[in-house]
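Peer 1: Provide a 3D model corresponding to the input given below.
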Amino acid sequence: MLVRTLDTMKGSDREVFAENGNWVSTRLLLKQDKMGFSFHETVIFAGTETRIWYKNHLEAVYCIEGEGEVETIDDGKIYPIQSGTLYALDKHDQHYLRAFKDLRLVCVFNPALVGREVHLPDGSYPAEEEAE
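Peer 2: Residues are numbered from 1 along each chain as shown. Coordinates of the predicted model:
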């Protein structure tokens, strides 16, 4: 059985900060944990906008705190995000994620992330074989 706490992950190699300062992601489960997905708590900082395109991954996101929005780039639709909202990027949707108040999100990635990935210039994470 795996048991981890956010407190024990703080300051470890599983706490990853965006290069642009927009977010911090605590990676509670990674590929090496052999669960078939990765599981993260991510805080998107208020007043930020991040362009994201998970072309190599599927992601489901559940908001447990904060306020913001997701805008899908292809059609310009805007989806409000607040505590209790789940969104799933089931079509590898290119999108903007905006935080009006700090967003505290629980995220699941398939395939699992391997560790310290940060967004590439196109907004994606590297493909699994490129990240190892």
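Peer 1: and the lengthiest strand in the chain, which strands flank it?
Peer 2: Secondary structure of the chain per DSSP state E: the longest strand is strand 94-110. If you go by DSSP bridges, strand 94-110 pairs up with strand 38-44 (antiparallel), strand 49-53 (antiparallel), strand 58-72 (antiparallel).
Peer 1: which SSE is immediately downstream of the longest one?
Peer 2: Which is strand 58-72. strand 78-82 (DSSP states H and E).
Peer 1: if you average the pLDDT over that following strand, what comes out?
Peer 2: The average of the pLDDT scores along strand 78-82 is 98.
Peer 1: can you list the strands that that strand pairs with?
Peer 2: Next to strand 78-82 in the sheet, as set by DSSP bridges, lie strand 58-72 (antiparallel).
Peer 1: tell me which residue lies nearest the centroid of this protein.
Peer 2: When C-alpha atoms, centre = their mean is applied to the chain, the residue found nearest the centroid is C107 (5.5 Å).
Peer 1: for that one, give me its contacts.
Peer 2: Contacts of C107 were listed using C-beta atoms under 8 Å, 6 or more residues apart in numbering, and they are S25, F39, H40, E41, T42, E59, A60, V61, Y62. C-beta coordinates here come from the backbone N, C-alpha and C atoms, glycine included.
Peer 1: likewise for K31?
Peer 2: Residues near K31 by C-beta under 8 Å, 6+ apart: S38, P111, A112, L113, V114, G115, E128.
Peer 1: and the pLDDT at the second one?
Peer 2: So the one you mean is P111. 93.
Peer 1: now for it, how many residues are close by?
Peer 2: Per other C-beta atoms under 10 Å, the neighbour tally for P111 reads 17.
Peer 1: identify each buried residue in stretch 87-98, please.
Peer 2: If you call a residue buried by 16 or more other C-beta atoms under 10 Å, then stretch 87-98 has these buried ones: Y87, L89, D93, Q94, H95, Y96, L97, R98.
Peer 1: I meant stretch 102-120, not that one.
Peer 2: 102-105, 107-109, 111-114, 117, 119.
Peer 1: helices and strands of the chain: which one has the lowest mean pLDDT?
Peer 2: Using mean pLDDT, DSSP states H and E, helix 128-131 stands out as the lowest-scoring helix or strand of the chain, at a mean of 58.
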